[in-house]
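S.K.: need the 3D shape of this:
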Amino acid sequence: MRFLFTAWPTPSHLFPLVPLANALIGAGHEVRVASTPSLAGAIRACGLTAVPLGDGSGTVTGPGKIVSPELAARFDDLAARLGLSEDERATWDVFRYFMLPPMWDFHPFGASASDPHPEVDDLVEYTRVWRPDMILWDPTAIAASIAAKVNGVADARLMWTQDYYPFAVRAMERAPGGWDPFTETVRPAAERHGLEVDEELLLGQFTVDAMPTAMRLPDATTTMPMRWVPFTGTTTVPDWLDAKRSRPRVALSLGQSRRLVMMEDGWDPVANVLEVVGRLDVEVVATLNATQLARVRAVPDNVRLIDYLPLNVLLPTCDAIVHHGGIGTFGAAATFKLPQLIIDSHAQHLIPAFGDEWAAAFRTMTSKNAARYVPDRGAGFTVDVHAAPEEARTRLKMVLEESDVRAGVERVYSELMAMPSPHDLVARLEDAARRGRTA
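M.R.: Now for the predicted structure:
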């Protein structure tokens, strides 16, 4: 069988699909990954075959898009008319600021059916020519759903975070006849290829979801659970990584996506984080680049800086991790049984022009995943290193030393291991591919 994956063009969206792609390859299937040309090198570096979409001339900005005051006002008016509760409004804002804008990189907002849609058109044509049995698509790339429907191919979404998209569909049902930015984003490309926008086009035939059950949002679709398997790239092992150590090693990671598309000139709390870890008798490996360190004046002696080291290589050598609450980092830490200290902040590291609501949505997104789940399971803590550096230092000592935290780490690990592995999904995907074809 043939399986075609799509990925929004950043490694943090590519890496989560690699374990499933490899499981399918190991079962004898053909696998290819489609994205913009900018991701082709990263796809090949993962040992996968890249399919370039478009000519690469567009600028990928994702959640870093700054909309006009007029469009922002329309979003505000819509949110007010939907009658959302406080928690629902926070969820809606995550969709508005973080899930919808990346879709505009494939589906230009405000375009017409006659305007160019190079990624959509290329994917529809490639699907016609290569004839995959199933497309597993990034939820930001509904171009894949369009390609599947046009060509009668089975399809499913592959989630890399909590699934905010069904919530958006349900929210739009509260305002019949009103403005629906989700549908409006997709409709021009769908009409261009003779399709109407319906729930299956927006959400796929089913969803492969790697989130632990307790981390999922309530508005779920038909779901095929899959265990998160950490993969964040390949490397040559540095000579110091496996050397004998005399003190605990702590990893410090603040996320790859942020420094690629959301960071302007550093992040104020980085200096606070380094101050926290610098006063403890630990060895710290900090995967920070020049942008993240732009406002740091001094690096403690116990901190080793490295621009990038895949977490699946680094974390097995560590005793704990300090991180930003991202799903990929959480999944890697949980898999390698590490206690976690998750940094809370008011998103001072983000482009100031985004505004307070954007920053609040960022915190909501973090709080709905690892920053809530890890403390609930007793596997670590969430702290504001800017407001409470001494508390952060105390908490880090606790994650390294306390047996209760170790028990919580085991609980998280057990919950992950109870989920089906990518290899367990192969037969189910084969069956779904056969049943989901319409041509």
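S.K.: show me where the chain has strands.
M.R.: Taking DSSP state E as the test, the strands found in the chain are 2-6, 30-35, 49-52, 134-137, 154-158, 207-209, 223-225, 249-253, 283-287, 303-306, 320-323, 340-344, 380-384.
S.K.: got the ones you listed as JSON lines, with mean pLDDT, distance to residue 172 and mean neighbour count columns?
M.R.: Every C-beta, even on glycine, is put in place using the N, C-alpha and C of the backbone. Below are these laid out as JSON lines (pLDDT from 0 to 100; distance: least, C-beta to C-beta, whole Å; neighbours: other C-beta atoms under 10 Å):
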{"stretch": "strand 2-6", "mean pLDDT": "98", "distance to residue 172": "24", "mean neighbour count": "24"}
{"stretch": "strand 30-35", "mean pLDDT": "98", "distance to residue 172": "28", "mean neighbour count": "22"}
{"stretch": "strand 49-52", "mean pLDDT": "98", "distance to residue 172": "32", "mean neighbour count": "18"}
{"stretch": "strand 134-137", "mean pLDDT": "98", "distance to residue 172": "21", "mean neighbour count": "28"}
{"stretch": "strand 154-158", "mean pLDDT": "97", "distance to residue 172": "18", "mean neighbour count": "26"}
{"stretch": "strand 207-209", "mean pLDDT": "96", "distance to residue 172": "18", "mean neighbour count": "23"}
{"stretch": "strand 223-225", "mean pLDDT": "94", "distance to residue 172": "21", "mean neighbour count": "16"}
{"stretch": "strand 249-253", "mean pLDDT": "95", "distance to residue 172": "36", "mean neighbour count": "23"}
{"stretch": "strand 283-287", "mean pLDDT": "95", "distance to residue 172": "39", "mean neighbour count": "22"}
{"stretch": "strand 303-306", "mean pLDDT": "95", "distance to residue 172": "45", "mean neighbour count": "16"}
{"stretch": "strand 320-323", "mean pLDDT": "94", "distance to residue 172": "34", "mean neighbour count": "26"}
{"stretch": "strand 340-344", "mean pLDDT": "88", "distance to residue 172": "31", "mean neighbour count": "26"}
{"stretch": "strand 380-384", "mean pLDDT": "89", "distance to residue 172": "32", "mean neighbour count": "22"}
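S.K.: make JSON lines out of those and add distance to residue 122.
M.R.: Putting the strands of the chain into JSON lines (distance: least, C-beta to C-beta, whole Å) gives the following:
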{"stretch": "strand 2-6", "distance to residue 122": "11"}
{"stretch": "strand 30-35", "distance to residue 122": "8"}
{"stretch": "strand 49-52", "distance to residue 122": "8"}
{"stretch": "strand 134-137", "distance to residue 122": "13"}
{"stretch": "strand 154-158", "distance to residue 122": "17"}
{"stretch": "strand 207-209", "distance to residue 122": "24"}
{"stretch": "strand 223-225", "distance to residue 122": "28"}
{"stretch": "strand 249-253", "distance to residue 122": "34"}
{"stretch": "strand 283-287", "distance to residue 122": "34"}
{"stretch": "strand 303-306", "distance to residue 122": "37"}
{"stretch": "strand 320-323", "distance to residue 122": "36"}
{"stretch": "strand 340-344", "distance to residue 122": "39"}
{"stretch": "strand 380-384", "distance to residue 122": "42"}
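S.K.: do you know how far the residue in the chain sticking out farthest from the centre is from residue 183?
M.R.: Relative to the centre of the chain, the most outlying C-alpha is that of residue 246, 35.2 Å out, by C-alpha atoms, centre = their mean. Residue 246 is 59 Å from residue 183, where distance means C-beta to C-beta, to the nearest Å.
S.K.: next: residue 147.
M.R.: Counting by C-beta to C-beta, the gap from residue 147 to residue 183 is 18 Å.
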